[in-house]
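> pasting the structure only:
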């Protein structure tokens, strides 16, 4: 059986190891970030897809996508769902994802590959969410939302029900999305407005 390992060795990777109860889990980082003799951290050039299943523990969804595109095509990814998370019926979560402590996903939801739901994220019924989705702690997404790829929600941001958000969008912390977003960029405030395209 393949050994579990992480890609990434920063603060979020430490949190993931803590969630999993394995602080000695091996971590792989880009060779340019590798520091010799750093405990349980190895250069990505030494990653062997025949020996490891991995989870990419890096907060930036675009960075996760870039790493997936660089890894061998036969790389296997594992998904971790914290025991305190609540998932009701008919919930699909893509490979390589993590659902952190005290998060709630209700019913009839689809969440794409390599997504990170940080502490206390809530997702209402009938949501369809793309790949490389990321939430900071305490994000709330109401029911029947459609969210694209590489979308990031800052801490305590929220979304009104029946909202559609295109790919490559960042929602700033404490922001409220109350109307559809069809232009990629960074949005802040309530109602959330585009500040950077």
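Great, that's in hand. Note that this is a predicted model, so its numbers are computed, not measured.

> Name the nearest residue to the most centrally placed residue in the chain, sequence neighbours excluded.
The chain has residue 116 as the residue nearest its centroid, 1.9 Å off, counting by C-alpha atoms, centre = their mean. With sequence-adjacent residues excluded and distances taken as C-beta to C-beta, 6 or more residues apart in numbering, residue 116 is closest to residue 134, at 4.8 Å. C-beta: built from backbone N, CA, C; applies to glycine.

> Also residue 14?
Ranked by C-beta to C-beta, 6+ apart and with sequence neighbours excluded, the top spatial neighbour of residue 14 is residue 23, at 7.9 Å.

> Number of residues surrounding that neighbour?
By the criterion of other C-beta atoms under 10 Å, residue 23 has 10 neighbours.

> sec struct for it, please.
Three-state assignment for residue 23 (DSSP: H, G, I helix; E, B strand; the rest coil): coil.

> Can you give me the distance of it to residue 4?
For residue 23, the distance to residue 4 (C-beta to C-beta, to the nearest Å) stands at 13 Å.

> Please verify my assumption that the residue nearest to residue 14 contacts residue 17.
Yes: counting by C-beta atoms under 8 Å, residue 17 is a contact partner of residue 23 at 5.0 Å.

> just to revisit the earlier point, which ones are touching the residue nearest to the centre of the chain?
Contact analysis of residue 116 by C-beta atoms under 8 Å, 6 or more residues apart in numbering lists 12, 59, 61, 97-98, 100, 133-135.

> bridging residues for it?
residue 98, residue 134 (DSSP bridges).

> With residue 80 instead?
Bridge pairing for residue 80 - DSSP bridges - gives residue 98.

> residues contacting it?
Shown in contact with residue 80 (C-beta under 8 Å, 6+ apart): 16, 19-20, 55, 97-99.

> Now for those residues: which two are most distant?
20 and 97 (13.6 Å; C-beta to C-beta).

> which of the two has more neighbours?
Comparing residue 20 with residue 97 by other C-beta under 10 Å, the one with more neighbours is residue 97, at 23 against 16.

> how about the residue nearest to the more buried one when sequence neighbours are not counted, what does it touch?
Nearest residue to residue 97 in three dimensions, chain neighbours excluded: residue 115, at 4.4 Å (C-beta to C-beta, 6+ apart). With contact taken as C-beta under 8 Å, 6+ apart, residue 115 is in contact with 61, 93-94, 97-98, 129, 131-134.

> Count the neighbours of residue 106 for me.
Under the criterion other C-beta under 10 Å, the count of neighbours that residue 106 has is 18.

> Quick check: the gap between it and residue 125.
Between residue 106 and residue 125 the distance is 5 Å, computed by C-beta to C-beta.

> what do you get for residue 47?
38 Å.

> Show me this protein divided up by domain.
Following automatic domain parsing, one gets these domains for the chain: 3-77, 80-187.

> List the buried residues in stretch 79-90.
Residues of stretch 79-90 classed as buried under the neighbour-count rule (16 or more other C-beta atoms under 10 Å) are 79-82, 85, 87.
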